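Novice: Have a look at this prediction, sequence included:
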Amino acid sequence: MITFAVPTLIVTLLGIGTVVAQPRPDDPSCMEGNQRKAHDCCRMPMLVEQSVMNRCMTENPMTPPVPGVQRTEGCCIAHCVLTTLNAFRDNLIDAAAAKRALTQSMGANSSFVALIGGVVDECVNLVHNNAAYKVAPVASTPGRPGCSFMPEGFVNCIKGRFFQQCPTAEWTRDAACDQLKQKLTAGCSFGSLMG
């Protein structure tokens with residue numbers, strides 16, 4: 001007869017649930033064969049003020065993902081940015097705060113401002129209704145809380161939707177750019193198209 005200690009079994013099941021339920025990494029084909037980078041195709045304005053981005057990048061140095069190793073937490077830079085903008089708290093995206101921050105950052109003259117309301121609402125619904133973004137993160141560095149998957153998913157969605165709906169004046173007409181749009185439609189993340 002096999003016996004398990006209840007705490008050991010619970011920890012094991014929680015660990016398996018975390019790995020299985022979290023957002024899937026992009027298929028390698030998302031990054032292969034791209035002749036252009038997303039920023040070469042659509043001239044998007046800054047989504048947040050540079051000072052906020054700089055502070056969050058300094059506080060959360062990026063480490064490249066290890067191929068084949070499942071991540072245990074989301075992007076800490078995205079978590080920091082949305083928290084700083086009061087657009088993320090209690091593991092939820094605040095749509096009104098996100099709209100205010102994007103509108104302020106882009107300015108009234110941006111051709112993207114008209115897209116903000118619909119894009120934010122769509123992306124909030126996407127991340128709030130996807131259980132993978134609600135998984136409790138486990139910090140990759142001891143001594144700090146893990147960074148939620150939700151801010152990264154939200155930012156990725158925002159950038160992807162802006163890219164797909166890029167105003168004509170900001171879009172580079174090119175077959176390689178159209179290929180990137182097709183990859184987004186097929187399920188690749190915007191981050192995988194950054195090159």
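Specialist: Right, received. Where do you want to start?

Novice: can you count the residues close to residue 172?
Specialist: 13 (other C-beta atoms under 10 Å). Using the backbone N, CA and C atoms, a C-beta is placed for each residue, glycine as well.

Novice: To clarify, my last question referred to residue 195.
Specialist: Using other C-beta under 10 Å, residue 195 has 10 neighbouring residues.

Novice: how close does it get to residue 88?
Specialist: Distance of residue 195 to residue 88, computed by C-beta to C-beta, to the nearest Å: 27 Å.

Novice: swap in residue 114?
Specialist: As judged by C-beta to C-beta, residue 114 and residue 88 stand 24 Å apart.

Novice: of those two, who's got more company?
Specialist: Remark: of residue 114 and residue 88, residue 88 carries more neighbours, 22 against 11, as counted by other C-beta under 10 Å.

Novice: buried residues in whichever strand or helix holds residue 151?
Specialist: Using DSSP states H and E, residue 151 sits in helix 149-164. Residues of helix 149-164 classed as buried by neighbour count (16 or more other C-beta atoms under 10 Å): 149-163.

Novice: Please tell me how far it is from the chain's geometric centre.
Specialist: 5 Å (C-alpha atoms, centre = their mean, to the nearest Å).

Novice: Just give me how far the next helix or strand after it sits from the chain centre.
Specialist: Going down the chain from helix 149-164, the next helix or strand is helix 175-185, by DSSP H and E. Taking C-alpha atoms, centre = their mean, the mean C-alpha location of helix 175-185 is offset from the chain mean by 19 Å.
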